[in-house]
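J.: below is the sequence, then the predicted model.
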Amino acid sequence: MKTPNDFKRALGPADPGFVACMHQTLTQLQINEEEKPVKKMSTSFILVLALLSIATVAFAAASQWGVLDFITNRGMEGMVLPEASELIQYDSDQQVGKTDLASFSLREAIFDGEQLYMVIAVKPEKDSVLLLGSDALPSDPVMKMGPDYETLSMTIMDYAYKHSKDMLLQTNIYDAEILRGKEGFFQTGETILEADGTLVYMLKGAYKSEQESIAVNLLCSVTPYVDITENDVLDTANTQETELAFVLERADVRNIAASQEAVTFADCGVRVDRVTLSGTAMATHISVEFTVVDEAAYALTDEGLFFEFLDEKGECIPDGVAAGSGVYPVESEEKSERKLLQKASIAAMDELPDAITLRPFNVWEKNRYEAQIIDLILK
Amino acid sequence: MTDDFFTSRIVDITQTLYRVAYTQLAQSHDREDAIQECLRKAWEKRRTLKDGRYFQTWIIRILINECRNIQQRKKRLVLMDEMPRGDAQDLISEDGMLRAALLRLDEKFRLPILLHYIEGYQLLEVSKMLRIPQGTVKSRMARGRKQLHAFLSEEVFER
């Protein structure tokens, strides 16, 4: 049995540079405070490109990874309905993104009107090229690359050398809308390197739309590493970019249920104006629109108020497969009102319930607030 | 919050701050940048923290954000051990194996494991630090433990 102290010992004490940096910073801050007011940091926004949060998974194998394989390999297959497989689509008219070194194409996608799930296959143009996801470096263990590599105890660059690869290629996929200054949809991503050298991205994010179809544009890029024996040095002068474009149809399988009456949660100072459940075979999407009605009570939550969703037995319902959960401010016509929206997803359901229990909790505090049952009407 | 309180509390949790930065950033200069920026931001906002009980949760959340900012700038979000390659002695030592196993975890599992099991924060505190629901923290910890167990072929932490 390994204990917390075993891990603390393994991570070791703070290195001298870190400690010195802390002390110097603290000292300087105090000196500045005594001698003159600390100059306030600029609060201007820095527009940061929303790069993908790519995490490599390395669990069970699939020969050709699809949307549902990624879900299964996260142990969340029970969160989606069997009919989810019927929602998978392929755009044969897609505009494949091609560079001299690799091509990007859509393999599978699901668009359920609430969320986009896409699997993008990146194929090298030559057998001698080894593709890396945007999160991986040549000095990383090759076991990160996927289940076909998890038993190998060598770095990616050693693997490349051993398998006569003469080029390591970093790949990136961006939401082209974000690059154009618009709101994008990517929220999470994963990569897997398949046995034949195809690198597969699974991307997902919230995309609420009533349109029958949506056009998706992805900006894809490849950048070679300077040399497979050099440590992690990119040859950015030779980056190549391309665009992958396709159209997805909205799967028309949604059931919607919504509350009709507002319910006040007095102990945390909010009124839930509306709860909406949108059910698809992939997930049950929940939105909770609420208004602060008691500023003093709400202030005690220190912006840490979330709603949990409970089943009939009072057990907390686990999260669904969709990305993008969180609490977001909403503009209100009444400027004095403060409105918020919580988005979440839970497991997909055959039928939406006629009631759901909401329990507020403050992530700062230990206590939860009083739960209330919200009646829902199917639409 | 007085300036002395701020400074003394920071010094008290030096090791925790180091481990949080270490498990997110492989390069020592990145960790130093992260803690420096974290301290500057926290210092500026120290008077907005009304309840000192939440100081640790607050400062760790700021540090995690700074680490992520650096990760994004470097265009890579999963960072691994910076042990010298081929250091066989380190890899076969118990400490080396534990460190490698922890750093081999996906980051989304690694931070909840570090903060709850190793640093001893409550689930709700971890949820606030990571800005994810408590249920997600629990499921990530469970999966992280499962991965660690697989990596080490040994049970880790008491339930």
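T.: Good, I have the coordinates.
J.: helices along chain B, start to end?
T.: Counting by DSSP state H, chain B has helices at residues B:3-12, B:14-22, B:28-44, B:55-73, B:88-92, B:94-104, B:107-112, B:123-130, B:134-152.
J.: which stretch in those helices has the least confidence?
T.: Ranked by mean pLDDT, the helices of chain B bottom out at helix B:88-92, which scores a mean of 48.
J.: quick one: low-confidence parts of chain A?
T.: A:33-62, A:74, A:135, A:177-188, A:230-232, A:252-253, A:324-325, A:363-367 (pLDDT under 70).
J.: show me which strand runs longest in it.
T.: Longest strand of chain A, by residue count under DSSP state E: strand A:213-224.
J.: buried set for the following helix or strand past that one?
T.: For strand A:213-224, the following helix or strand on the C-terminal side (DSSP states H and E) is strand A:240-249. For strand A:240-249, a neighbour-count test (16 or more other CB atoms under 10 Å in any protein chain shown) marks A:242, A:244-246, A:248 as buried. Bear in mind the C-beta positions are built from the backbone N, C-alpha and C, glycine included.
J.: what's opposite the closest residue to residue A:322 other than its chain neighbours in the beta bridge?
T.: Leaving aside its sequence neighbours, residue A:322 sits nearest to residue A:345 (CB to CB, 6 or more residues apart in numbering or on different chains; 3.7 Å). Beta-bridge partners of residue A:345, counted by DSSP bridges, are residue A:285.
J.: against residue A:11, how distant is residue A:345?
T.: 35 Å (CB to CB, to the nearest Å).
J.: so what's residue A:127 up against?
T.: residue A:197 (CB atoms under 8 Å, 6 or more residues apart in numbering or on different chains).
J.: just to revisit the earlier point, tell me the angle the longest strand of chain A makes with strand A:240-249.
T.: Counting by axes from the mean of the first three to the mean of the last three CA atoms, to 10 degrees, strand A:213-224 points 160 degrees away from the direction of strand A:240-249.
J.: do strand A:213-224 and chain B meet?
T.: No: looking at strand A:213-224 against chain B by CB under 8 Å from any CB of the partner chain, there are no contacts, and the closest approach is 9.7 Å.
J.: picking that back up, hang on, the residue nearest to residue A:322 packs against residue A:285?
T.: Yes: with contacts counted by CB atoms under 8 Å, residue A:345 reaches residue A:285, the gap being 5.2 Å.
J.: so what sits against both of these two?
T.: By CB under 8 Å, 6+ apart, the residues touching both residue A:345 and residue A:285 are A:115, A:320, A:322.
J.: of these, buried ones?
T.: Counted by 16+ other CB under 10 Å, the shared contacts of residue A:345 and residue A:285 give A:115, A:320, A:322 as buried.
J.: nearest to residue A:375 among these?
T.: Nearest to residue A:375 out of these is residue A:320 (CB to CB; 21.8 Å).
J.: hang on, the closest one packs against residue A:349?
T.: No: using CB under 8 Å, residue A:320 makes no contact with residue A:349, being 9.8 Å away.
J.: if I look at residue A:176, how far off is residue A:92?
T.: 21 Å.
J.: before we move on, back to that, make TSV out of the buried ones among the shared contacts of residue A:345 and residue A:285 and add distance to residue B:145 and secondary structure.
T.: Listed next are these as TSV, based on distance: CB to CB, whole Å; DSSP: H, G, I helix; E, B strand; the rest coil:
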residue	distance to residue B:145	secondary structure
A:115	28	strand
A:320	22	coil
A:322	25	coil
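J.: ok, the longest strand of chain A: who's next to it in the sheet?
T.: strand A:167-175 (antiparallel), strand A:240-249 (antiparallel).
J.: nearest to residue A:22, of those strands?
T.: Counting by CB to CB, residue A:22 lies closest to strand A:167-175 out of the strands paired with strand A:213-224; the figure is 33.4 Å.
J.: give the phi and psi angles for residue A:152, as a check.
T.: phi -90, psi 130 (degrees, to the nearest 10).
J.: now do the same contact list for the residue nearest to the spatial centre of chain B.
T.: Centroid-nearest residue in chain B, with CA atoms, centre = their mean: residue B:20, separated by 2.5 Å. Residues near residue B:20 by CB under 8 Å, 6+ apart: B:60, B:63-64, B:67, B:111, B:114-115, B:119.
J.: give me that answer again for 6 Å
T.: B:60, B:63 (CB atoms under 6 Å, 6 or more residues apart in numbering or on different chains).
J.: separation between it and residue B:99?
T.: Applying CB to CB to residue B:20 and residue B:99 gives a distance of 15 Å.
J.: now swap in residue A:212 and tell me
T.: 52 Å.
J.: more neighbours, these two?
T.: Just comparing residue A:212 and residue B:99: by other CB atoms under 10 Å in any protein chain shown the higher neighbour count belongs to residue B:99, 22 against 9.
J.: if I look at the closest residue to that one other than its chain neighbours, how far off is residue B:18?
T.: Leaving aside its chain neighbours, residue B:99 sits nearest to residue A:10 (4.5 Å; criterion: CB to CB, 6+ apart). According to CB to CB, residue A:10 and residue B:18 sit 13 Å apart.
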